[in-house]
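Visitor: Sharing a sequence plus its predicted fold:
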Amino acid sequence: MFDDFISGLLKLFLFTFFIDLISIKKYRLKMIKKGIILAGGHGSRLSPLTLSTSKQLLPVYDKPMIYYPLSILMLAGIRDILIIVKKSDKENFKKTLSDGKQFGIKISYLEQKTPKGLPDAFILGKKFINKQKVMLILGDNLFYGRGFGEILNDRVKKSTPTIFLKDVRNPSSFGVAKIINKKITTLIEKPKKFVSNLAISGLYIFDEKVSEFASQLSPSKRGELEIIELIKLYHNKKKLDYQILGRGLMWIDNGQIKDLNSASNFIRSVQELQNVLIGYPEEIAYQKKWINIKQLNFQLNKFKNSEYGLNLKLLLKK
């Protein structure tokens, strides 16, 4: 009888073990593993700064702008990242970020011949996406705030198509969403008359059908595919969710010179006054154990004569 009892316990343990394995596998399949940074375009509003380099390689305080969106994808746990760039900028991006191995991630690059709108990223990146869920972030967008990492992780776990909204003073400069009773009722691009203060930021989550849906869009009057139309398509299919970035969470769209200055001043103030690092891929990679102490030291030595390197050194002391 005792042997039967032990045998029963063993069977129950094995059954529970395999159920847990199946659950973990399903959870991992649901997670978002792909990330895209759209870093093409001419950056004409920042000319003449962008005559010889990409806007996303311009400095925002102590690091290139591209470090910030890259850090957001890494913070979300995404390690397979595609950066879409102009042909003339590709080598400079490679010099800046290489293949991502130093951050414990994989970075690949894809050329965009001409800017055709945000949804074009999903058409160009169809092979990369490979019918999987994907997070897209614009290469000139900067996000920061207490709890933002938790918000990202929660959204990545849910992995439903999501737009991230932020209350702004100038909604006529953005696509906006109107929310009534916790539901999206209106989506409109740069409204001439007031609709809502909730601007659609440059961070999006889409499902495995995004390349197919993006291919169904027609160019607007300005000759580009519009992201608002792709968002509307998901909304009409009742597949769209939203996340409001509340008070204390910051979003900067670095489209103009004043935005660059504001972002640089903000990063400097927070890093110096709060003794934290913002937009450091090495910090995120080390904390997530994607790189070890030896790899972190290698990065530190590479930048040892710069403020960036000195800040990395502080990371080792924490």
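Guide: Yes, it's here.

Visitor: for G175, what are its contacts?
Guide: L187, I188, E189, K190, A199, I200, I227, I228, I231 (CB atoms under 8 Å, 6 or more residues apart in numbering). Placement of C-beta: from N, CA and C, glycine included.

Visitor: same thing but 10 Å
Guide: Shown in contact with G175 (CB atoms under 10 Å, 6 or more residues apart in numbering): 163, 165, 187-191, 198-201, 226-229, 231-232.

Visitor: Ok, L73 next?
Guide: If a contact means CB under 10 Å, 6+ apart, then L73 has 32, 34-37, 79-81, 105, 135-137, 152, 203, 281, 284 as its contacts.

Visitor: related to what we said a few turns ago, please indicate which of the contacts of G175 are buried?
Guide: When the contacts of G175 are checked for burial by 16 or more other CB atoms under 10 Å, the buried set is 163, 165, 187-188, 198-201, 226-229, 231-232.

Visitor: export those to TSV and tack on pLDDT, distance to N297 and secondary structure?
Guide: As requested, the buried ones among the contacts of G175 are exported to TSV (pLDDT from 0 to 100; distance: CB to CB, whole Å; DSSP: H, G, I helix; E, B strand; the rest coil):
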residue	pLDDT	distance to N297	secondary structure
I163	97	40	strand
L165	97	41	strand
L187	96	48	strand
I188	95	51	strand
L198	97	44	strand
A199	97	41	strand
I200	97	41	strand
S201	97	36	strand
E226	95	46	coil
I227	96	41	helix
I228	97	46	helix
E229	97	48	helix
I231	98	44	helix
K232	97	49	helix
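
Visitor: As a markdown table, those with distance to N275 would be great.
Guide: Shown next, in a markdown table, are the buried ones among the contacts of G175 (distance: CB to CB, whole Å):
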| residue | distance to N275 |
| --- | --- |
| I163 | 33 |
| L165 | 30 |
| L187 | 40 |
| I188 | 42 |
| L198 | 33 |
| A199 | 31 |
| I200 | 33 |
| S201 | 27 |
| E226 | 42 |
| I227 | 37 |
| I228 | 40 |
| E229 | 44 |
| I231 | 38 |
| K232 | 44 |
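
Visitor: In terms of distance to K317, which of those ranks first?
Guide: Using CB to CB, S201 is the member of these that sits closest to K317, with 34.1 Å.

Visitor: Tell me who's in contact with that closest one.
Guide: 137-138, 141, 143, 163-166, 168, 174-175, 243, 245, 251-253.

Visitor: What separation do you get for it and K313?
Guide: 33 Å (CB to CB, to the nearest Å).

Visitor: For I137, which three-state class applies?
Guide: Under DSSP: H, G, I helix; E, B strand; the rest coil, I137 falls in the strand class.

Visitor: Next, give phi and psi for the spatially closest residue to it that is not a sequence neighbour.
Guide: What sits nearest to I137 in space, not counting adjacent residues and going by CB to CB, 6 or more residues apart in numbering, is P69, at 4.4 Å. With angles defined as degrees, to the nearest 10, P69 shows backbone torsions of phi -70, psi -30.

Visitor: Model confidence for P69, exactly?
Guide: As predicted, P69 sits at a pLDDT of 98.

Visitor: ok, now which ones touch it?
Guide: Counted by CB under 10 Å, 6+ apart, P69 has contacts 35-39, 56, 81, 83, 136-143, 202-203, 279.

Visitor: if we go to 8 Å?
Guide: Here P69 is in contact with I37, Q56, I137, L138, G139, D140, N141, L142 (CB under 8 Å, 6+ apart).

Visitor: How many residues are close by the fifth one?
Guide: Okay, so that is G139. Close neighbours of G139, defined as other CB atoms under 10 Å, add up to 26.

Visitor: For the residue lying closest to it once chain neighbours are set aside, give the beta-bridge partners.
Guide: Leaving aside its sequence neighbours, G139 sits nearest to A39 (CB to CB, 6+ apart; 3.4 Å). Counting by DSSP bridges, A39 is bridged to V85.
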